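[1] Quick one, what's the 3D model for this:
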Amino acid sequence: MIALRPSQSHTQSRGDLFDKSARRNLLVVLDADTVDLAEEGSVQLSGLLAHDAIEFYRISDDGVPPNAKTLDSNFFGSAPVGWLKVTRDEEPSPFRSHGVLRSNGESVSSSALSGDIVAAIARGIAEMRSEDLAMEYTPEALMVAAAEEIGADILVTRRQGLHSLRSSFVRGLTIVDVADAISIGGLFLRSRGEYSRAIFPQITVDSNKTIFYESSASLFLPHQLEILRRSQLLAADREEPESVRLAAAAFRRISRSIERRDQIWQLICGLQDIDTAEDLLALYEALLTSLMGAIDATARLANTIYQLPIPMYLVAWQKKDWAKKLKLSASQLWSAYYEHAEHESVLTMLRLLRNTIHAEGLESVAVSERHRVVATWIEIPPSEGKEIAETASRTANPNEWSIQTTDGGRFYADPGPMMDRLILSVLTLLADVQLVLVADLRNLTVTPPMKDDTFLDVEAVDQAHRCLLGLGPV
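    Sure, this is the predicted structure:
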């Protein structure tokens with residue numbers, strides 16, 4: 001997922017997108033020349049854009065198609081429904097060079113563009129692509145300027161490199177591809193209390209909040225439900241309920257972690273101020289605790305399943321004595337964790353980040369752009385920052401963790417990318433461990449396979465769910 005650029009433009013007067021008191025629509029502009037909603041990769045987007053809480057308009061270099069539906073008004077005349085109509089004035093002035101006309105089917109709206117602004121955006125696009133500017137008003141610049149002028153939240157396009165555009169005249173518009181548009185749309189609907197696992201043009205797979213986040217966890221932990229079921233059988237056979245509680249605890253904590261992730265992304269995508277920063281840090285600490293709890297509960301579950309002679313308070317993946325006992329009694333599980341170097345590195349990252357709550361703690365840093373706050377980053381205490389940065393470099397390029405080190409020895413991270421990289425790495429760790437646990441539980445218990453009574457294409461629903469969640473592969 002990517003962060004929305006929080007708007008502070010005069011055109012965006014309806015309130016922050018994730019301010020629940022504003023209850024405003026998500027405003028989307030779609031590049032009709034590069035995004036075909038009938039294509040397979042855009043079907044999920046098509047279903048989203050049909051939602052009542054999402055207002056969207058198409059735009060094309062060739063203008064509005066002749067068969068487009070129109071709505072008449074007494075003042076502005078006829079306007080295309082669901083399209084942005086950009087026309088150049090016959091007599092441009094310093095304040096206005098183009099008109100933008102649109103209709104949502106109920107009313108007609110008109111906006112105006114300044115030629116200086118369009119030309120500046122065109123220059124920005126050309127500089128970004130290292131190209132010579134061939135003309136003053138390019139179709140791409142007009143598209144971006146029109147989307148910004150009407151106060152659109154996102155512009156969906158597949159045009160090469162346009163997503164990297166940064167211009168002082170594009171202050172509240174985020175330019176995204178289809179996948180990011182779907183994930184932002186899903187995040188927006190969940191902020192309004194709608195937890196759909198899939199939204200297609202003909203069908204929506206609805207769920208409540210609990211089912212959505214439990215299903216989200218199951219996407220990445222496909223053996224979790226069977227582990228829960230077989231832990232119940234094992235507990236009944238041994239007359240020892242501990243395994244059931246531990247299996248459920250790990251699952252609940254991962255579900256809560258994904259819910260916390262949503263809440264953090266909503267803060268990241270909203271207007272940035274001191275209150276946002278404080279709320280973000282509080283949620284981040286809760287997220288780190290939940291992730292650590294899921295890993296610890298899984299270790300204790302293994303200790304219970306294999307009946308290792310180690311007290312629970314000494315059970316943890318980083319405890320050497322426990323690891324030795326585990327290797328003797330469950331060598332395959334030991335290999336699933338300890339023979340993957342990244343698993344230990346990820347646990348080290350998580351442990352150090354979580355342990356900052358015992359000392360200096362994580363701090364927030366305001367990122368400014370042209371005298372306005374556009375993002376909130378996290379400062380990692382120097383006492384843990386060096387080891388965290390070095391550990392991150394052993395698992396991947398530090399840029400993937402978004403960790404930056406200054407010459408003065410300070411450590412900063414963009415909270416969204418670091419969070420997603422951490423969550424996905426923890427899920428990979430748990431999935432590898434659970435693959436062995438479920439195989440051994442099958443040998444310890446006897447039960448018929450779970451029945452699937454759904455009439456839906458489960459794989460298609462799961463894929464749609466991943467897109468709405470916006471939590472992709474590492």
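[2] what's the helix or strand for the closest residue to residue 49 other than its chain neighbours?
    Nearest residue to residue 49 in three dimensions, chain neighbours excluded: residue 56, at 4.8 Å (C-beta to C-beta, 6 or more residues apart in numbering). Backbone N, C-alpha and C define where each C-beta goes, glycine included. Secondary structure from DSSP states H and E places residue 56 in strand 54-59.
[3] Who are the packing partners of the helix or strand following that strand?
    Later in the chain than strand 54-59, the nearest helix or strand by DSSP H and E is strand 70-73. Applying 3 or more C-beta pairs under 8 Å, 6 or more residues apart in numbering; DSSP states H and E, we find strand 70-73 packed against strand 77-80, strand 96-103, strand 108-113.
[4] quick check: mean pLDDT across strand 70-73?
    Confidence over strand 70-73 (mean pLDDT, whole number) is 91.
[5] Likewise for stretch 266-285?
    Here the average pLDDT along stretch 266-285 is 92.
[6] Same check on stretch 37-52?
    For stretch 37-52, the per-residue pLDDT averages 92.
[7] returning to what we had before: in JSON lines: the helices and strands packed on strand 70-73, plus distance to residue 230 and mean neighbour count.
    Formatted as JSON lines, the helices and strands packed on strand 70-73 follow (distance: least, C-beta to C-beta, whole Å; neighbours: other C-beta atoms under 10 Å):
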{"stretch": "strand 77-80", "distance to residue 230": "59", "mean neighbour count": "16"}
{"stretch": "strand 96-103", "distance to residue 230": "57", "mean neighbour count": "21"}
{"stretch": "strand 108-113", "distance to residue 230": "59", "mean neighbour count": "18"}
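[8] Next, report how far the strand holding residue 56 is displaced from the centre of its chain.
    22 Å (C-alpha atoms, centre = their mean, to the nearest Å).
[9] Can I get that strand in PDB? Just the C-alpha atoms.
    Extracted C-alpha coordinates of strand 54-59, given in PDB (Å, rounded to 0.1, in the frame of the first residue of the first chain):
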ATOM      1  CA  ILE A  54     -17.000   6.300  -4.200                       C
ATOM      2  CA  GLU A  55     -17.500   9.100  -6.800                       C
ATOM      3  CA  PHE A  56     -15.400   8.600  -9.900                       C
ATOM      4  CA  TYR A  57     -14.900  10.300 -13.300                       C
ATOM      5  CA  ARG A  58     -13.200   9.100 -16.500                       C
ATOM      6  CA  ILE A  59     -10.900  11.300 -18.500                       C
END
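[10] related to what we said a few turns ago, save the helices and strands packed on strand 70-73 as TSV, and put in mean pLDDT and distance to residue 188 too.
    Formatted as TSV, the helices and strands packed on strand 70-73 follow (pLDDT from 0 to 100; distance: least, C-beta to C-beta, whole Å):
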stretch	mean pLDDT	distance to residue 188
strand 77-80	90	25
strand 96-103	94	21
strand 108-113	93	21
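[11] Now tabulate these in a markdown table and tack on distance to residue 169.
    Output for the helices and strands packed on strand 70-73, formatted as a markdown table (distance: least, C-beta to C-beta, whole Å):
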| stretch | distance to residue 169 |
| --- | --- |
| strand 77-80 | 25 |
| strand 96-103 | 13 |
| strand 108-113 | 10 |
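[12] which stretch among those strands comes nearest residue 406?
    Minimum separation from residue 406 across these (C-beta to C-beta) falls at strand 108-113, 40.3 Å.
[13] next structured bit after that closest one?
    Going down the chain from strand 108-113, the next helix or strand is helix 115-128, by DSSP H and E.
[14] Run the chain-centre distance for that following helix.
    For helix 115-128, the distance to the chain centre is 30 Å (C-alpha atoms, centre = their mean).
[15] and the angle for that helix with strand 108-113?
    Counting by axes from the mean of the first three to the mean of the last three C-alpha atoms, to 10 degrees, helix 115-128 points 70 degrees away from the direction of strand 108-113.
[16] Contacts for stretch 232-251 next, please.
    With contacts defined as C-beta atoms under 8 Å, 6 or more residues apart in numbering, stretch 232-251 is touched by 214, 217, 221, 224, 227-228, 231, 293-295, 297-298, 300-301, 304-305, 430, 441, 444-447.
[17] try 10 Å this time
    For stretch 232-251, contacts defined as C-beta atoms under 10 Å, 6 or more residues apart in numbering pick out 214, 217-218, 221, 224-225, 227-231, 293-305, 307, 312, 430, 433-434, 437, 441, 444-447.
[18] Packing partners of the helix or strand of the chain with the lowest mean pLDDT?
    Least confident element among the helices and strands of the chain, by mean pLDDT, DSSP states H and E: helix 398-401 (a mean of 80). Where contact means 3 or more C-beta pairs under 10 Å, 6 or more residues apart in numbering; DSSP states H and E, helix 398-401 is packed against helix 382-395, helix 415-444.
[19] and of the ones you listed, who's closest to residue 364?
    helix 415-444 (8.9 Å).
[20] buried stuff in that closest one?
    Buried residues in helix 415-444, counted by 16 or more other C-beta atoms under 10 Å: 415-430, 432-434, 436-438, 440-441.
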